[in-house]
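Colleague: with the sequence up front, the predicted model follows.
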Amino acid sequence: MKPETPGGGSTAASLDGRHFQFEGGRGATFDPGGFVTLRSHEGSAQLGQVHDVILGKRGTIHGTGTILGVIMEGRVDDSRPVTFATAQMEKADAATFELLYGDTGQLLHIGSHLGSEGTPAHLLPRRFNRHTFWCGQSGSGKTYALGVVLEQLLVCTRLPIVVLDPNADFVKLREPSGSEDSDESRILSERNIRILRPSSPNTEPLRVRYLDLPVRAKAAILRLDPLENRAEYNELMHLEETLGTMDTAKIVPRLRERGTGTSAALAARIENLRLTDWSVWAGKLEPVTEVINARPDATVLDLGGFEFPDESLVVAMAVLEDLWARREERRPILIVIDEAHNLCSPDETSPLHVAVRERIIQIAAEGRKFGLWLLLSTQRPSRIHSSIISQCDNLALMKMTSPIDLDELARIFGFVPLAMLARSPRFRQGEALFAGSFVPAPTMVTMGARLTREGGADVGVPFRT
């Protein structure tokens, strides 16, 4: 018996030159997201992408897709739609798909196309000037995959990166993953990567200078509302210099020396919140805002390890407030917020949470034109404020089985074919869907290997020997 061809005698037609319908005989193997070549009888060839596939009678298939452009010498031209009544349809080879990138310049190599290990998969680094939403449930390989992309950005671009890292997943971004001595590893080893941690030997301290914070931020730390706590808020405004020293031996006594009921109330508030016991205050040490303002290639902020939960929020607020205050300088930076639901949840109501969330909302809405670009990573899209996620133009989706979260992603990222989103629950660890402006077409990928060590790898179960 003659073996079936990859196309299985498949044919396609297009009435508008932008979309196509196809039918395939027995043996046709096309998957949602797969790239195909459409060869019409007139001699033209076009590159297309399958959107959905429906199984028909006796093993036949039919479905629809999008035409990405006419295949020309060295590129894919999408400027002039070409209709056709019938065309032979077959899987596109690696060389044909590479034409889709054309002369886009530097590419980030992140792995290979899902189901086609010999076909490299890329992202367009110049399109990280858009906000990016990165999601995947626990165990999907989300953090490892994000590390792959951050490493490639460090190797291939001069875009500074600041990582708000609550689980110490990226604190080993300077440490090679193995003995491999590649060009990329050597380039990465030359990058200026600073790791700031609350308290860890041989690392830089992660500290905030209270005096540098705007009054709004200081009030949030003290849980003061300008109307509900009018007297204490006013006292705060007149004592900024005193509070700015954060001298644990003098600040409360100095307030009590003033002898007013309001100063005594403010002193009691500081004592009750134990603010003078927090280790986050810089004192004479270099604050995190000055480190970031020097623009190293990457700055990793280990938000875990503080004794008081609000200290990590203070770091996030100080960083975001300072970047926003300097926005007119228009110095590009990628702000990576891992476990973004910790900072972007609509359900958190404490003054600190609200202050941080509102600044992120503002950066999401207005920051792009100033070079403040967000990359938000989370396990639960439904726990991210809608005003933030709706501003994202790039999507990276790993395994996600929650119907609620998938429905939310389908609603917000309407440019992603539903059949491709529906594959997410069946992804294996390390498999991902990329869509948006940083890829020429929605692309499913098997992620490549890390160049550096992963800081938060899972702990294995011990077994008896």
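Modeller: Received the coordinates, thanks.

Colleague: the strands in the stretch 351-465 of the chain, which residues?
Modeller: 372-378, 394-397, 431-436, 443-447 (DSSP state E, counting those that start in this stretch).

Colleague: centre-most residue in the chain?
Modeller: residue 375 (3.1 Å; CA atoms, centre = their mean).

Colleague: roughly how far does the nearest residue to residue 114 once chain neighbours are set aside sit from residue 152?
Modeller: Nearest in space to residue 114, with sequence neighbours left out and distances taken as CB to CB, 6 or more residues apart in numbering, is residue 444 at 4.0 Å. In this view, the C-beta of every residue, glycine as well, is placed from N, C-alpha and C. Distance from residue 444 to residue 152, counting by CB to CB, to the nearest Å: 18 Å.

Colleague: quick one: residue 327 and residue 124, what's the gap?
Modeller: Residue 327 sits 25 Å away from residue 124, going by CB to CB.

Colleague: equivalent analysis for residue 350, please.
Modeller: For residue 350 relative to residue 124 (CB to CB), the value is 39 Å.

Colleague: same check on residue 325?
Modeller: Using CB to CB, we find residue 325 at a distance of 30 Å from residue 124.

Colleague: which residues does the residue nearest to residue 107 when sequence neighbours are not counted contact?
Modeller: Excluding its sequence neighbours, the residue lying closest to residue 107 (CB to CB, 6+ apart) is residue 122, at 4.0 Å. Residues near residue 122 by CB atoms under 8 Å, 6 or more residues apart in numbering: 101, 107, 108, 109, 110, 439.

Colleague: which of those are buried, as a PyMOL select command?
Modeller: Applying 16 or more other CB atoms under 10 Å to the contacts of residue 122, the buried members can be selected in PyMOL as follows:
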select buried, resi 101+107+108+110+439
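
Colleague: show me the shaky parts of the stretch 351-465 of the chain.
Modeller: Counting by pLDDT under 70, the ranges of the stretch 351-465 of the chain that qualify are 456-461, 463, 465.

Colleague: can you map out the helices along it?
Modeller: With DSSP state H, counting those that start in this stretch as the criterion, the stretch 351-465 of the chain has helices at 351-366, 386-389, 403-412, 418-421.

Colleague: now do the first one against strand 372-378: the angle between them, please.
Modeller: Counting by axes from the mean of the first three to the mean of the last three CA atoms, to 10 degrees, helix 351-366 lies at 120 degrees to strand 372-378.

Colleague: mean neighbour count added to the helices of the stretch 351-465 of the chain, as JSON lines?
Modeller: As requested, the helices of the stretch 351-465 of the chain are exported to JSON lines (neighbours: other CB atoms under 10 Å):
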{"stretch": "helix 351-366", "mean neighbour count": "19"}
{"stretch": "helix 386-389", "mean neighbour count": "20"}
{"stretch": "helix 403-412", "mean neighbour count": "16"}
{"stretch": "helix 418-421", "mean neighbour count": "18"}
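
Colleague: between these, which one is closest to residue 168.
Modeller: Distance to residue 168, taken as CB to CB, is lowest for helix 351-366 among the helices of the stretch 351-465 of the chain, at 19.9 Å.

Colleague: other SSEs contacting the closest one?
Modeller: For helix 351-366, the packing partners by 3 or more CB pairs under 8 Å, 6 or more residues apart in numbering; DSSP states H and E come out as helix 215-221, helix 310-325, helix 341-344, strand 372-378, helix 386-389.

Colleague: lowest average pLDDT across those?
Modeller: Mean pLDDT is lowest for helix 215-221 among the helices and strands packed on helix 351-366, at a mean of 90.

Colleague: what does that helix contact?
Modeller: With CB under 8 Å, 6+ apart as the test, helix 215-221 has contacts from 210, 213, 225-226, 233, 236-237, 240, 243, 275, 310, 314, 317-318, 321, 351-352, 354-355.

Colleague: let's see 7 Å
Modeller: The contact list for helix 215-221 (CB atoms under 7 Å, 6 or more residues apart in numbering) reads 210, 226, 233, 236, 237, 314, 317, 321, 351, 352, 355.
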